[in-house]
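*Asks:* No letters, just coordinates:
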């Protein structure tokens, strides 16, 4: 439970959640997806939130401490 609470305190996680929510809006509105090939458009918009969460999990200490 502490791990979940610690992750919810992370600003990176909150930004990723907002980006994921914007992805849902993009999927329904098709603002940027019109510029991508149809087979990639539904996946391309989720790359950024997933990348942010992955990097957050990989980075165990602050970059200033390295």
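*Replies:* Structure received. Fair warning: this is a prediction, and the values are worked out from it, not measured in the lab.

*Asks:* And residue 42, how far from residue 10?
*Replies:* When distances are taken as C-beta to C-beta, to the nearest Å, residue 42 and residue 10 turn out to be 27 Å apart. Heads up, the C-betas are built off the backbone N, CA and C, glycines and all.

*Asks:* Number of residues surrounding residue 28?
*Replies:* Under the neighbour criterion other C-beta atoms under 10 Å, residue 28 is assigned a count of 8.

*Asks:* Pick out the least confidently modelled helix or strand of the protein, by mean pLDDT.
*Replies:* helix 38-44 (a mean of 75; mean pLDDT, DSSP states H and E).

*Asks:* Any buried residues in that helix, and which?
*Replies:* Of the residues in helix 38-44, those scored as buried under the neighbour-count criterion (16 or more other C-beta atoms under 10 Å) are 41, 44.

*Asks:* ok, and what's touching the host helix or strand of residue 49?
*Replies:* Here residue 49 is covered by helix 47-58, with elements defined by DSSP states H and E. Contact with helix 47-58 is made by 7, 10, 12-13, 15-17, 19-20, 23, as judged by C-beta atoms under 8 Å, 6 or more residues apart in numbering.

*Asks:* Using CSV, please lay out the residues you listed together with neighbour count.
*Replies:* As requested, the contacts of helix 47-58 are arranged in CSV below (neighbours: other C-beta atoms under 10 Å):
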residue, neighbour count
7, 14
10, 12
12, 14
13, 17
15, 15
16, 20
17, 14
19, 19
20, 16
23, 18
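
*Asks:* The biggest helix by length in the chain packs against which elements?
*Replies:* The single longest helix within the chain, with elements called by DSSP state H, is helix 11-29. Counting contacts by 3 or more C-beta pairs under 8 Å, 6 or more residues apart in numbering; DSSP states H and E, helix 11-29 is packed against helix 47-58.
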